[in-house]
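>>> give the three-dimensional model of this entry:
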Amino acid sequence: MADTADTPEKPFYEHHVFFCLNQRKPGERTCCADKGAQAAQEHAKKRIKQLGLAGEGKVRINKAGCLERCEEGPVVVIYPQGTWYTFVDNEDIDEIIDSHIVGGKIVDRLKI
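Numbers count the residues shown, from 1 in each chain. Predicted structure coming up:
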């Protein structure tokens, strides 16, 4: 087995995107599911596929349970960078995709 201590391992995906889709019971703490997170995740997944960015070594859009940033939500986090965003609509999701994922530039106005 080769010694890889000095060689950083390349991530499986260039961008691994997690959308919080947590749903809480009525009357409990706010949650991302009540703020359109499911539709946003589906939109992002469709758009990434349309752009030809889906697949091994590229971009993966995933569903996540509670990411514990409920009051800042809805939230999405992109790894390996570890950049957290909030969003309001599909235009925000498109800006995150176009700027961060495609262009490599953080969207400061949506960053949390």
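>>> just checking, what packs against the lengthiest helix in the chain?
Longest helix in the chain, counting residues (DSSP state H): helix 37-50. In terms of contacts (3 or more CB pairs under 8 Å, 6 or more residues apart in numbering; DSSP states H and E), helix 37-50 is packed against strand 15-20, strand 59-64, strand 75-79, helix 90-95. Heads up, the C-betas are built off the backbone N, CA and C, glycines and all.
>>> how about a cut-off of 6 Å?
Packing contacts for helix 37-50, counted by 3 or more CB pairs under 6 Å, 6 or more residues apart in numbering; DSSP states H and E, involve strand 59-64, helix 90-95.
>>> quick check: phi and psi on Y13?
Here is the backbone geometry of Y13 (degrees, to the nearest 10): phi -120, psi 140.
>>> quick one: residues contacting the residue positioned nearest the centre of the chain.
Centroid-nearest residue in the chain: V17, 3.2 Å away (criterion: CA atoms, centre = their mean). Going by CB atoms under 6 Å, 6 or more residues apart in numbering, V17 touches I61, I78.
>>> which residues are in contact with A39?
Per CB under 6 Å, 6+ apart, neighbours of A39: none.
>>> quick thing: my sequence starts at 738, can you match it?
Shifting the count to begin at 738 puts that one at A776.
>>> ok, it to R806 distance?
From A776 across to R806, the span is 19 Å (CB to CB, to the nearest Å).
>>> pLDDT value on the closest residue to H753 other than its chain neighbours, please?
The shortest distance from H753 to any residue other than its chain neighbours is 4.5 Å, reached at Y816 (CB to CB, 6 or more residues apart in numbering). Y816 is assigned 96 on the pLDDT scale.
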